[in-house]
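>>> Give me a 3D structure for the following:
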Amino acid sequence: MKKKFRILVATITSLLVALSLTSCGKSQSAAATDGTKKLFTIRMVTQTSFNELNIADELGYFKEQGIKIEYTGVLKPGITEYQLIAQGINDAFVGGHPPNVAQARLAGIKVTAVAPGMVDNPNFPHVRYLVKSDSPIKTLDDINGKKVSISGVAGCTDGYLKYYLLQKGKTDNIKWVTLPNPGQQEQSLTQGLVDVTTSHPPYAGLAVAAGGVRQIGTSWDILHSPGAGLSVRGFSDQFIKDHPDVVKGFTEALYKAHVYINSHQNESKAIIAKWLKLKPEDLSVFWYDEDKTINPEYINKWFDISESIGLWKKGDIKPTDIYTNDYAPK
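Coordinates of the predicted model:
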């Protein structure tokens with residue numbers, strides 16, 4: 001089963017590298033032609049995990065709003081979606097949490113969230129913490145001093161665990177191992193290179209299906225809040241100012257996708273499996289916020305977490321600085 005998992009990871013990685021090499025750096029066209037109808041092109045990163053963007057695209061929800069999505073390639077190590085927006089390569093950010101938006105704004109990149117994404121759910125956890133089946137690690141209380149793989153420094157990768165240890169009154173001395181490519185974290189665990197991995201959908205499901213691992217906790221176990229898993233989608237302030245109707249259409253398409261995913265999980269798995277070239281039955285899914293607006297309480301929760309683990313000092317930026325509900329579906 002480990003061999004099967006490694007083969008799947010290698011296949012995915014090869015596909016994403018090819019996409020990255022052929023797609024990055026394309027210039028923006030104002031519109032794409034679909035028969036006699038002109039569609040407005042929105043550029044964003046190529047998706048590498050379970051997401052609502054590919055589903056909204058596949059089901060025609062963007063097209064209904066006069067939008068065409070152009071995928072510009074996967075993120076390279078050390079590069080953020082916000083940097084690509086600042087460089088004029090992409091238009092939308094679609095993979096971040098509220099702390100990422102706040103940090104981008106603190107760095108001088110004027111971006112604003114306009115729509116919610118997934119939220120945490122006890123039955124569909126945002127992050128699962130996995131160890132090898134024969135590991136002596138039994139709970140999250142045993143992770144200090146261990147090697148933990150993450151995809152990158154963010155509120156939901158290392159941040160949740162730092163927050164957990166802080167609440168327990170423990171000093172963080174985890175040995176963080178950053179592995180940015182999809183599937184690398186889980187593969188490093190099965191190979192014994194790390195002790196614990198932080199795993200997101202769909203790779204959490206893929207790793208469990210391949211065997212040899214077990215779960216010691218989830219993000220819900222730590223935070224007990226839907227809002228602590230909230231992701232957000234948005235644009236630069238200039239894009240929002242220049243194209244308000246496009247932004248409204250974008251939020252409408254995402255809302256429809258969220259409702260569809262929660263009520264059609266098997267069909268949604270099949271769509272994402274096709275995009276990622278995986279088997280639907282191996283995938284785990286996110287649970288999506290069906291509110292049309294971004295919940296202020298969820299943003300405040302993220303700020304509490306972020307400030308407690310030192311991502312920024314209280315007062316450096318306000319929760320209301322990073323999002324707007326002015327373009328939410330009516």
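
>>> so residue 185 touches residue 147, yeah?
No. Using Cβ atoms under 8 Å, residue 185 is not in contact with residue 147; the gap is 11.2 Å. In this view, the C-beta of every residue, glycine as well, is placed from N, C-alpha and C.

>>> So if I had to pick from these two, which one is more boxed in?
residue 185 (29 against 17; other Cβ atoms under 10 Å).

>>> how about the more buried one, what does it touch?
By Cβ atoms under 8 Å, 6 or more residues apart in numbering, residue 185 lies in contact with 149-151, 179, 194, 197-199, 203.

>>> biggest separation within those residues, which pair?
194 and 203 (14.2 Å; Cβ to Cβ).

>>> which of the two has more neighbours?
Ranked by neighbour count (other Cβ under 10 Å), residue 194 and residue 203 place residue 203 first, with 31 against 23.

>>> Report the contact partners of that one.
Counting by Cβ under 8 Å, 6+ apart, residue 203 has contacts 49, 182-183, 185-186, 284.

>>> what do residue 185 and residue 147 both touch?
Contacts common to residue 185 and residue 147, judged by Cβ under 8 Å, 6+ apart, are residue 194.

>>> can I see the domain layout of this protein?
12-117+228-321, 128-224 (automatic domain parsing).

>>> Save the ones you listed as CSV, and put in distance to residue 328 and mean pLDDT too.
Shown next, in CSV, are the domains of the chain (distance: least, Cβ to Cβ, whole Å; pLDDT from 0 to 100):
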stretch, distance to residue 328, mean pLDDT
domain 12-117+228-321, 5, 88
domain 128-224, 23, 89
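
>>> Can I get these in JSON lines including distance to residue 329?
JSON lines is the format used below for the domains of the chain (distance: least, Cβ to Cβ, whole Å):
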{"stretch": "domain 12-117+228-321", "distance to residue 329": "5"}
{"stretch": "domain 128-224", "distance to residue 329": "25"}
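
>>> I'd like the distance from residue 198 to residue 176, if you could.
Plainly put, residue 198 is 10 Å away from residue 176 if you go by Cβ to Cβ, to the nearest Å.

>>> Settle it for me: which of those two has more neighbours?
The residue with more neighbours, out of residue 198 and residue 176, is residue 198; 24 against 17, by other Cβ under 10 Å.

>>> Which secondary structure state does that one sit in?
Here residue 198 is strand, with the state taken from DSSP: H, G, I helix; E, B strand; the rest coil.

>>> so who does it touch?
Counted by Cβ under 8 Å, 6+ apart, residue 198 has contacts 127-129, 148-151, 157-158, 160-161, 185.
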